[in-house]
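> Sequence first, predicted coordinates after that:
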Amino acid sequence: MSTQPQDNGRTASPPLQIAGRTFSSRLLLGTGGFTRMQTLDAAIEASETELVTVAMRRIDASAEGSLLDVIRNRGVDVLPNTAGCFTARDAVLTAQLAREALGTDWVKLEVIGDERTLLPDAPELLVAAEQLVDEGFVVLPYTSDDPVLARRLEDVGCAAVMPLGSPIGSGQGIANPANLTLIVEAAGVPVILDAGVGTASDAALAIELGCDAVLCASAISRATDPVAMAHAIRHAVLAGLLARDAGRIPRRTHARASSPLVGMPEFAE
Amino acid sequence: MSTQPQDNGRTASPPLQIAGRTFSSRLLLGTGGFTRMQTLDAAIEASETELVTVAMRRIDASAEGSLLDVIRNRGVDVLPNTAGCFTARDAVLTAQLAREALGTDWVKLEVIGDERTLLPDAPELLVAAEQLVDEGFVVLPYTSDDPVLARRLEDVGCAAVMPLGSPIGSGQGIANPANLTLIVEAAGVPVILDAGVGTASDAALAIELGCDAVLCASAISRATDPVAMAHAIRHAVLAGLLARDAGRIPRRTHARASSPLVGMPEFAE
Amino acid sequence: MSTQPQDNGRTASPPLQIAGRTFSSRLLLGTGGFTRMQTLDAAIEASETELVTVAMRRIDASAEGSLLDVIRNRGVDVLPNTAGCFTARDAVLTAQLAREALGTDWVKLEVIGDERTLLPDAPELLVAAEQLVDEGFVVLPYTSDDPVLARRLEDVGCAAVMPLGSPIGSGQGIANPANLTLIVEAAGVPVILDAGVGTASDAALAIELGCDAVLCASAISRATDPVAMAHAIRHAVLAGLLARDAGRIPRRTHARASSPLVGMPEFAE
Amino acid sequence: MSTQPQDNGRTASPPLQIAGRTFSSRLLLGTGGFTRMQTLDAAIEASETELVTVAMRRIDASAEGSLLDVIRNRGVDVLPNTAGCFTARDAVLTAQLAREALGTDWVKLEVIGDERTLLPDAPELLVAAEQLVDEGFVVLPYTSDDPVLARRLEDVGCAAVMPLGSPIGSGQGIANPANLTLIVEAAGVPVILDAGVGTASDAALAIELGCDAVLCASAISRATDPVAMAHAIRHAVLAGLLARDAGRIPRRTHARASSPLVGMPEFAE
Amino acid sequence: MIYVNGEPVDTRAQPTIRDVLVERGIDPATAGIAVAVDAEVARRGVWPTRTLEDGARVEIVRAVQGG
Amino acid sequence: MIYVNGEPVDTRAQPTIRDVLVERGIDPATAGIAVAVDAEVARRGVWPTRTLEDGARVEIVRAVQGG
Amino acid sequence: MIYVNGEPVDTRAQPTIRDVLVERGIDPATAGIAVAVDAEVARRGVWPTRTLEDGARVEIVRAVQGG
Amino acid sequence: MIYVNGEPVDTRAQPTIRDVLVERGIDPATAGIAVAVDAEVARRGVWPTRTLEDGARVEIVRAVQGG
């Protein structure tokens, strides 16, 4: 049995809420990159996630239907994404198909501008977000670390914003902490770090900087031992949350002694 | 009950051993800076540490004897330090007094070169280390992040090396990860990050870089909520260990998709 | 007389070209923040810039007309900006007024999304850029460090792109060198680092990363000695250009001796 | 003719003085790594250095004597090093041989602790420094970035301290700027950055941080075009000096406008 | 002739969406699938009745690992 | 009544742009200035003839330090 | 006269270490304390017998929070 | 037998340092060279007269590119 609920109980932060739904886990899991369904299953358990992403693709004859079974047997919810879409139009259609197929109006909105970097296309993203919100979707947009764009996405009604730390699958961590801080300061909706996490300390740092949650795909699914990494990042997210709420010491240029400066014995020559 | 033992069980790393003693916790706690004994007591419990440091100072009339009681009631061991000593001679004498007072031949050796930075004095430190090893002490020296000095300390028989991440109490984290990596690569004894940790992600990073353990004093004792921070850093150390053993993904300059690139539906105009 | 031409002569890089115009200087100067016209005049000379920015504001009775005189007496060209505009519409109108007032169809396009960060508003910026290009302007947009947005701006016909290093006047330097590198790799038009430079090394780094030029305003105008800083950054830009063309050594994890490893004398005991 | 003297004239800093000798150049050049004597000759000229290092090695039959000729024909002084020595004894003997061979009592003292990192051995270095000072040498020790060790070296009478930025030939730049700043703050003798410079911006940064000079070997000698890199780093050192003396703007978290916030025209709908 | 997931398919005149699924061995009752015809979603309810004109472009999608 | 750089100005009926400039002590020949009326640029050539309706919003701008 | 933790203390001739502790109200049986005389550790066993010459410098230490 | 820069060298009894240099084709007047014998510097002035015992270890060095 995990300490997470009990330790979450220790934090000052109220539990994460997105679109009125409460989550006790602050770790979202991407299902891409796992080589075996069994590993995905174990990683979902280890991560203690409550929300996992899937992509929408053409069905093929050889379609084993087990992905959704695995997810549902674990009792976690599915969050379809629009990965691979380069235009607002394709992203909107993909979201509509996902709603039809999966019976959820939640969508992780991705509109990509470039195949090499997989970075979002700001104007197309904003157009798609606005339209999907109008159609009643709960929109969680994958966005850059641009504070203004994050603000615009919130303004058009997105339920959360999902800025990147660094490019998808790059494992470079949080390239620009200052921007992430600006996003968090201005946000009125949850901020979920999406993309760039390479290891546990990256996830802890994201929460310490003020993010409300972290989404990991490659960091877990492509680790040598995905299940162990799922455990690692679960603990890291919890560590970051506890640390943020605990109130860290300030950074100082010089030292501050942690042993008394007085009462030193003097040893005469 | 904590997941730590069980999650430690998941790691590939054998438990930490120093001078033939096995530890299931990889977090050492400094007792300096706690304003109330009760908080120290709760922080020891929350941290799940097995080894806590104390300093040696002149006794005064108003001496409440409760520090050692608190430590021993928690069933953890005491590691006396030589904080405040500027010469090998004073440090050796202080270690001898600590052995006499506390009945342990373990010592966290500190020989400081500068009051403002509290950085170690390399030559004095090496002299003191050699002498204390000759006298049968188990010497854990607080050292700079100089890989050569760390090696010299091991060569004279230190049981571990305790390089700093940044100045004591500065909360600047790990200023020079490259040096820490060089120390870890060359070390034949445990490497314990000492000084500089400001928050949970710093501790996780230290372990990910290859450190065997982390010592925290101010990061915990001077946090707004020391007990919550003790929990945070305990989880962070565990997260770092699990992540290191899980085998993180490599850093990449460009992106790597976590959703399939094939099977995209095409929506004709 | 300055070494700049002669040292420029040493570089492999062809001179900077924007919209078919050739510049021998790679430093653009913002005129904002200078407290005395005389200092601006001396800074223009010291910087050896060939292009300086101005803003468009309501005329007032107390209008001394000397700004344009100073600029023209120095024989440098004026680049009007649209600073302070929050919408594409206002930016376009401001550009049109600038063309009318100054007789230039060059414009440094700024569309701001947030007063606190002064960061660009991506969608509005793109709309304004496209319209101004259609109206025959030579558009140099101040943009974020988002590689996709930079690419879109080029696609709609901008003559250069001006990504920020960090927020205007922040002096934080280049917050995300990886993004800047991605922009430079993909760009078919000149890349001019705009905003964030705090001191000389920032400017040198920008050019080393592949930027074609640097624009400085506050870094120079608000330095304690603006004229000295103008000299400093002129040399820094040149240093960066020479270094980039000289082909720097690769980064190595370990050392590489710069003295021979053989032929050491041996001193017998 | 170079602007360097004239621009140096602009700086507030007095010229560099070491052991009572005045230098107008703040760039020292290591002669190792140049593949042709002719390139070294041109690099000396381009760098405008006044002091170049050499190593002492066993003479061989095929000894072309031209190195010293090249150096002396350029009118620059020679600074022998003790590269390759692992003990104080060998370093002292090497320094004595250099004095005998070259008729200079200046020595760049190197005592290495590790072949892979070429990092200094602190205790041996200090012993050698003290002995050479006693023998009347002008000692410039290559040291780590440990502020305490730098202070000790000054205390025993070294004429300057030469901390590393990162390992020799690594081109990693300045790994720990905070330590370098601590060294500069406490130093009563010139601080010369030695080792680690990879490109021009590294050299500029070193001077901006407060170093009095920079020594480059591999950064120049192993660049694709060593002569161009010598020019680059000469300009970078000058840029750093001018910038430091000009008084840079402070770093700010948020933006500060460089265009007026008042007087915006308003365009009614 | 219509196009199903990008491949041309010869069919008898005006098949329903349901016919197309069945022909491909897909049980129309399968959970987790959705269909678009000519870039518009076709709700599950219309599959039995909605007929496909010649040249219609049908996309049949389902959830896969991703994200 | 018209508005010049945001301030209401009483004028005789239908002044030209030129009139407005002169009234404010601005020589219409001054280099480096431009005028917008009701959010459209008024080229220099029309200043002498272009009259301003009641309620017109005039903006007169010039280059200042910035950027 | 001897010095205890830096303070001069008048004592009758040649007190033992034990005497000094008791005088200061420290129970010599207290755990966690140690004594140095003239920069050398005095093991607990010698406290009752070891006498202190005039001018002796005694340091009595214990563990405090630190590190 | 003596050792010059690490190599054993047969010589007639008790050569001077100068002899050793000449034998190796090194002009003793060459600038920029120095000699150590048995880990001590031999100043240039003693080269003509200082004789080398059997087993002496001679190091002859000069400046090379480095640093």
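On my side now, so go ahead. Numbering: from 1, shown residues only, chains lettered A, B, ... in the order given.
> quick one: pLDDT of residue A:260?
We have a pLDDT of 88 for residue A:260.
> cool, and residue E:28?
Residue E:28 is assigned 89 on the pLDDT scale.
> try residue A:9
Note for residue A:9: predicted pLDDT of 52.
> Look at the residue of chain E found nearest chain G and tell me its secondary structure.
Closest to chain G within chain E is residue E:67: 46.5 Å, counting by CB to the nearest CB. Every C-beta, even on glycine, is put in place using the N, C-alpha and C of the backbone. Following DSSP: H, G, I helix; E, B strand; the rest coil, the label given to residue E:67 is coil.
> how deep is the closest residue to chain G within the stretch 101-250 of chain A tucked in, by neighbour count?
Closest contact between the stretch 101-250 of chain A and chain G, by CB to the nearest CB, is at residue A:249 (15.9 Å). Using other CB atoms under 10 Å in any protein chain shown, residue A:249 is surrounded by 22 other residues.
> pretty sure it is in contact with residue B:202, am I right?
No - using CB atoms under 8 Å, residue A:249 is not in contact with residue B:202; the gap is 10.9 Å.
> How many residues are close by residue E:11?
Residue E:11, neighbours per other CB under 10 Å, totals 15.
> Tell me who's in contact with it.
Neighbouring residues of residue E:11 by CB atoms under 8 Å, 6 or more residues apart in numbering or on different chains: E:1, E:2, E:19, E:20, E:23, E:52.
> Now compare those residues and name the two farthest from each other.
Maximum pairwise distance among the contacts of residue E:11 (CB to CB): 14.3 Å, between E:1 and E:19.
> neighbour-wise, which of those two wins?
residue E:19 (17 against 9).
> helix, strand or coil for the more buried one?
Secondary structure state of residue E:19, per three-state DSSP, is helix.
> Enumerate every residue touching it.
Neighbouring residues of residue E:19 by CB under 8 Å, 6+ apart: residue E:11.
> Most proximal residue of chain A with respect to chain H?
Closest contact between chain A and chain H, by CB to the nearest CB, is at residue A:253 (33.1 Å).
> I'd assumed residue B:171 was in contact with that residue.
No - Residue A:253 is beyond contact range of residue B:171, at 10.6 Å (criterion: CB under 8 Å).
> for the closest residue to chain D within the stretch 51-200 of chain A, helix, strand, or coil?
When distances are taken as CB to the nearest CB, the stretch 51-200 of chain A reaches nearest to chain D at residue A:178, 7.3 Å away. Three-state assignment for residue A:178 (three-state DSSP): helix.
> Look at the residue of chain A found nearest chain G and say how many residues are nearby.
The nearest approach of chain A to chain G comes at residue A:259, 3.3 Å away (CB to the nearest CB). If you count neighbours by other CB under 10 Å, residue A:259 ends up with 27.
> So residue A:117 sits against residue B:254, correct?
Yes - with contact defined as CB under 8 Å, residue A:117 reaches residue B:254; the gap is 6.1 Å.
> Common neighbours of these two, please.
Contact criterion CB under 8 Å, 6+ apart; residues shared by residue A:117 and residue B:254: residue A:167.
> between the two, which one's more packed in?
residue A:117 (25 against 16).
> element containing that one?
If you go by DSSP states H and E, residue A:117 is not part of any helix or strand.
> Need phi/psi at it.
phi -100, psi -20 (degrees, to the nearest 10).
> got it, and the one 3 residues further on?
Residue A:120 has phi and psi values of phi -70, psi 150 when expressed as degrees, to the nearest 10.
> quick one: contacts for residue A:142?
Residue A:142 touches A:81, A:108, A:109, A:110, A:120, A:162, A:164, A:194, A:195, counting by CB under 8 Å, 6+ apart.
> Which ones among these also lie next to chain E?
A:81, A:108, A:110 (CB under 8 Å from any CB of the partner chain).
> so where is chain E shaky, pLDDT-wise?
Scanning chain E for pLDDT under 70 picks out no residues.
> Count residues in the vicinity of the closest residue to chain C within it, would you?
Across chain E, the shortest distance to chain C (CB to the nearest CB) belongs to residue E:67, at 19.2 Å. By the other CB under 10 Å criterion, the neighbourhood of residue E:67 contains 28 residues.
> Surely the residue of the stretch 101-250 of chain A closest to chain G forms part of a strand?
No - according to three-state DSSP, residue A:249 belongs to no strand; its state is coil.
> quick one: the helices in chain E?
Here chain E has its helices, by DSSP state H, at E:17-23.
> actually the stretch 1-150 of chain A, sorry about that
A:4-10, A:37-47, A:66-73, A:88-102, A:122-134, A:147-155 (DSSP state H, counting those that start in this stretch).
> Serialize those to a markdown table and add fields for distance to residue G:15.
Converted to a markdown table, the helices of the stretch 1-150 of chain A look like this (distance: least, CB to CB, whole Å):
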| stretch | distance to residue G:15 |
| --- | --- |
| helix A:4-10 | 54 |
| helix A:37-47 | 67 |
| helix A:66-73 | 80 |
| helix A:88-102 | 88 |
| helix A:122-134 | 84 |
| helix A:147-155 | 73 |
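> mind putting these in JSON lines, mean neighbour count and distance to chain F included?
Converted to JSON lines, the helices of the stretch 1-150 of chain A look like this (neighbours: other CB atoms under 10 Å in any protein chain shown; distance: least, CB to the nearest CB, whole Å):
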{"stretch": "helix A:4-10", "mean neighbour count": "16", "distance to chain F": "49"}
{"stretch": "helix A:37-47", "mean neighbour count": "20", "distance to chain F": "49"}
{"stretch": "helix A:66-73", "mean neighbour count": "16", "distance to chain F": "53"}
{"stretch": "helix A:88-102", "mean neighbour count": "24", "distance to chain F": "30"}
{"stretch": "helix A:122-134", "mean neighbour count": "22", "distance to chain F": "24"}
{"stretch": "helix A:147-155", "mean neighbour count": "24", "distance to chain F": "19"}
